[in-house]
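A.B. asks: based on what follows, work out the 3D shape:
(2 chains)
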Amino acid sequence: MMMDQSSDISGFQKAYDTTRPALPGGGWLQELRHIAMTRFMSLGLPGRKLESWRYADLKALRKTPFQPVTKAPEADIAAIEKAAIAGLDAPRLVFVNGRFSRPLSRLHTLPADLAPKSLRDVLMLGGGSIRDLVMDLRDGDAFDQLNTAMMSEGVVIEVPEGMQVKTPIEIVYLVTDADNGAAHLRNVIRLGQGASLTVVESFAGDDSRFFTNQITQTTLADGADLTLLRRQHEGSGTVHVSRTYATLGKARFQMASIASGSTSTRHELRADVTTEGGHVGYEGIQLARAGQVLDTLTFMDHAVPSCTSTQTYRAVLAGQSKAAFQGKVLVRRDAQHTDARQKADSLLLDRAAEASTKPELEIYADDVQCAHGATVGELDADQVFYLMARGLAPNEARALLVEAFVAELCGNIANEPVRDAFLADARNWLTSANAAMDAPKEGDQ
Amino acid sequence: MSTLLDIKNLHVAIKGEEILKGLDLTIASGEVHAIMGPNGAGKSTLASTLAGREDYEVTEGSVLYQGADLLELAAHERAAKGVFLGFQYPTEIPGVSNLNFLRSALNAQRHQRGEPPLDGGAFMKLAREKAGQLGMSIDMLKRFVNVGFSGGEKKRNEMVQMTVLDPTIAILDETDSGLDIDALKVVADGINTMRGADKAILLITHYQRLLDYVKPDHVHVLADGRIVRSGGPELALELEEKGYQSVA
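C.D. replies: Numbering: from 1, shown residues only, chains lettered A, B, ... in the order given. Purely as a prediction, here's the structure:
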């Protein structure tokens, strides 16, 4: 079995071997990469027998030997504007096929002591602080290893103590004309005491066969406040695997994501609250169309008393699609007075769609409040009729109801252009999903 | 007066069970009709069938509206042609504000009629005016459709929708139920503003009470799926006095 698996992924070893000379970082990091790659090859890609990966679809990774893109990052500015958030006057970092492009970015609006750095530059520069910067993932799974071995681009943002950054920082990842390409991205976001920041990421692309493999490490000191917003709308040929690590003190970490992209998407949020009074919030919207598999996993690790976590997940599934949510909450023995809440609702627009939700609560403290709920259902026929009786066509009625289902989540985003972008994403998705639903199906008269 | 709605020998079944069993009713422009009857007689089935509820199966008979076959139209097409159903139990729609709902509905109807959409300013002016006449605040219009509304507020909201959409025929299914006397007067005022030479109202009610404020031209008794008796306003008083048993 092991042999089969490693032969499945031999393409990754080849990709690593050819890319290695170009990977940034000196001796210590080279060794770290080497160890990670060896671990990856022995671990293999996680299979469906592994509970936490049973819903994911990694077929394409076994078939295609995705090579990190080496060609220079070039893209049409119009494609970048289309992927970015309309009307957002913010500093913007642009990655094309996983490669940072300074000319396509706009950084001049940032205060000097905040200036995000390119991960590649930081790693090339070397120095002792790198060991500090790169999270220790040696006990992590295959994707942690693969990312550690191959990471070459990303952003490093360090917000100094007490700095409240009012304008969001925007990161755009565009895939264009990059068949069989891969991007192994590593972002590092660190907030000092009392610092605050909003980062909004937009992923978009054409239908290239592509592999996005991203890890975002975030560290929040006491009193810090980080909002991480993600729009994942990559093209239909993309396999997207990303995870966000949050390590926080008595701080506030808030994440909201909307995903409609890729053939196969796996996103994880893994949060460790290490100081009393910390809070983690997650709001995830998944919009799945025929042929897509959107898989989400969260893990809230409560190790100390009096911390809170809230998770709200909503999925809308059209056509023969799959969306899964596995939400784990671990409340360790010392974590008394934890307040952990989780709610997952899925809306099926098609009988062939498949939604899976699996709350997983592991509680070892006795004085805690933990709640979870899950629903899977279809659009309410009474609501559809009510809207139709007032003049809305069936597709308009469906669109309004689905938009409402989704809008209840992104309605909380404070930044208006970002909120509008989330809502527009949902509307655009609906328009195309509706068109697919109204098109005559095979076998229809 | 010209015939607006002409129902002939209407048979309707829900999940195979026949509810309406040969109903005849003709309504002319400018008229107000009231249909009264005991529970289970088929009053709400008639209202929903006319509005185009798909799971109500018309097995026999015909309905002409403005001289054309109403039954071949989908619910939203009927709405655009001026058919309005005031729901007995208005549906709650979390996440959709009343304003968004109303504007979407109005512009969907206008689109079907080939009229340009009403812009935000013009719509707000209209909504504010109509809601104001029915004692509904702009704050309530900003809330989600019927979510957290009392029974009376829901019915009042139906009337706001009706006056904004300005239909040709309003079919009001027990709009008076669940209202206290003050709310009843407000709702009745709303209905009375709908009266006009080119419009018609079909009131479906259990009680005579509403008819004190909205004077019908014709009163019908619906029992076991058919109109069993028709008369003038005095019929409603007789029913109130003697009960349905005496006439059905």
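
A.B. asks: part of a helix, is A:Val402?
C.D. replies: Yes. Remark: A:Val402 belongs to a helix, assigned using DSSP: H, G, I helix; E, B strand; the rest coil.

A.B. asks: who's in contact with it?
C.D. replies: A:316, A:347, A:349, A:379, A:426, A:430 (C-beta atoms under 8 Å, 6 or more residues apart in numbering or on different chains). (Glycine included, C-beta is placed from N, CA and C.)

A.B. asks: okay, now the residue in chain B positioned nearest to chain A: neighbour count?
C.D. replies: The minimum distance from chain B to chain A, using C-beta to the nearest C-beta, falls at B:Gly95 (2.8 Å). The tally of other residues near B:Gly95 (other C-beta atoms under 10 Å in any protein chain shown) stands at 19.

A.B. asks: surely it meets A:Glu408?
C.D. replies: Yes. Counting by C-beta atoms under 8 Å, a contact exists between B:Gly95 and A:Glu408, whose distance comes to 4.8 Å.

A.B. asks: could you pull out the helices for the stretch 301-445 of chain A?
C.D. replies: Taking DSSP state H, counting those that start in this stretch to define them, one finds helices in the stretch 301-445 of chain A at A:381-389, A:394-410, A:416-438.

A.B. asks: got the angle for the second one vs helix A:381-389?
C.D. replies: Counting by axes from the mean of the first three to the mean of the last three C-alpha atoms, to 10 degrees, helix A:394-410 lies at 120 degrees to helix A:381-389.

A.B. asks: for helix A:394-410, buried residues please.
C.D. replies: Neighbour-count burial for helix A:394-410, counted by 16 or more other C-beta atoms under 10 Å in any protein chain shown, picks out A:394, A:396-410.

A.B. asks: what does chain B have sitting close to chain A?
C.D. replies: Residues of chain B lying close to chain A (C-beta under 8 Å from any C-beta of the partner chain) are B:51-55, B:74-76, B:78-80, B:84-85, B:87, B:90-91, B:93-96, B:100-101, B:104-106, B:108-109, B:112, B:161, B:165.

A.B. asks: 7 Å instead?
C.D. replies: Residues of chain B lying close to chain A (C-beta under 7 Å from any C-beta of the partner chain) are B:51, B:53, B:75-76, B:79-80, B:85, B:87, B:91, B:93-96, B:104-105, B:108-109, B:161, B:165.

A.B. asks: spit out the contact partners of the closest residue to chain B within the stretch 51-200 of chain A.
C.D. replies: In the stretch 51-200 of chain A, the residue that lies nearest chain B is A:Gly87 (17.9 Å; C-beta to the nearest C-beta). Contacts for A:Gly87 (C-beta atoms under 7 Å, 6 or more residues apart in numbering or on different chains) come out as A:Pro417.

A.B. asks: look up how far B:Met136 lies from it.
C.D. replies: 33 Å (C-beta to C-beta, to the nearest Å).

A.B. asks: please identify the buried residues of the helix or strand where B:Leu10 lies?
C.D. replies: Element membership for B:Leu10 (DSSP states H and E) is strand B:3-14. Going by neighbour count (16+ other C-beta under 10 Å), the buried part of strand B:3-14 is B:4-7, B:10-14.

A.B. asks: gap between the helix or strand of chain B with the lowest mean pLDDT and the chain center?
C.D. replies: For chain B, counting by mean pLDDT, DSSP states H and E, helix B:234-242 ranks last in confidence among helices and strands (a mean of 87). Here helix B:234-242 shows a centroid-to-chain-centroid distance of 22 Å under the convention C-alpha atoms, centre = their mean, to the nearest Å.
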